[in-house]
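Colleague: Quick check, what structure comes out for this input:
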Amino acid sequence: MSATHPVYALQQAWALAAKRQDLPQIQSFYQSEFLAFDAVKQLQFNASDYFVHWGQCMEFCPQHSHFDLHQVQLHSSGDLAVVTALLYCAGTDEQGNTQGCWLRLTQAWQLQHTNWQIIHDHFSVPFDMVSTQVLFQLTPEHGESA
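Modeller: Modelled structure (predicted):
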């Protein structure tokens, strides 16, 4: 992955805005019309519903202690870039309990005039097909359980 590509710095800034729970800053990275697939709540989100969802997630975990990108890979051609990463997200709830897990993240970015913006977000968590249990205990080291 090229750390010199503009999307690399933008994605790092996006993750920092998410860690700070700065919803207006988070929104600034997205094109006005986009589609998002999140790991929580529903199959897909349009632009207006997605930021309501972000707000609800922030209320659930009012203090992020982690929103950290790992194993970031960027592939680009012309005005499109695709970024994949593993994301460790953890926060402390109002009772002081820290909860966190690893997620898979894919983002599609498109160059709009002179600005790169997110046109698609996809967060997911693996699950076991036999038990139908979500595998929150997985870690990046060989995909093994913690």
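
Colleague: Just checking, which helix or strand of the chain averages the lowest pLDDT?
Modeller: helix 47-60 (a mean of 84; mean pLDDT, DSSP states H and E).

Colleague: Can you identify the element that follows that helix toward the C-terminus?
Modeller: The first helix or strand that comes after helix 47-60 along the chain, using DSSP states H and E, is strand 63-77.

Colleague: neighbouring strands for that following strand, and are they parallel or not?
Modeller: Using DSSP bridges, the strands paired with strand 63-77 in its sheet are strand 80-92 (antiparallel).

Colleague: What's the mean pLDDT across the next helix or strand after the strand it pairs with?
Modeller: Past strand 80-92, further along toward the C-terminus, the next helix or strand under DSSP H and E is strand 98-112. Per-residue pLDDT values across strand 98-112 average out to 92.

Colleague: partners of strand 98-112, with directions?
Modeller: Determined by DSSP bridges, the sheet partners of strand 98-112 are strand 80-92 (antiparallel), strand 115-124 (antiparallel).

Colleague: Tell me which of the ones you listed sits nearest to residue 141.
Modeller: Nearest to residue 141 among these is strand 80-92; the distance by C-beta to C-beta comes to 10.7 Å. Quick note: C-beta positions are derived from backbone N, CA and C, even for glycine.

Colleague: Surely residue 120 touches residue 33?
Modeller: No: here residue 120 lies out of contact with residue 33, judged by C-beta atoms under 8 Å, at a distance of 10.8 Å.

Colleague: So which of these two has more stuff around it?
Modeller: The residue with more neighbours, out of residue 120 and residue 33 and counting by other C-beta atoms under 10 Å, is residue 120; that gives 16 against 8.

Colleague: Pop out the phi and psi values for the residue lying farthest from the centre of the chain.
Modeller: Taking C-alpha atoms, centre = their mean as the measure, the residue most remote from the mean C-alpha position of the chain is residue 130, 26.8 Å away. Backbone torsions of residue 130, given as degrees, to the nearest 10, read phi -80, psi -50.

Colleague: ranking the strands paired with strand 98-112 by mean pLDDT, which is last?
Modeller: Here the strands paired with strand 98-112 differ in mean pLDDT, and the lowest is strand 80-92 at a mean of 91.
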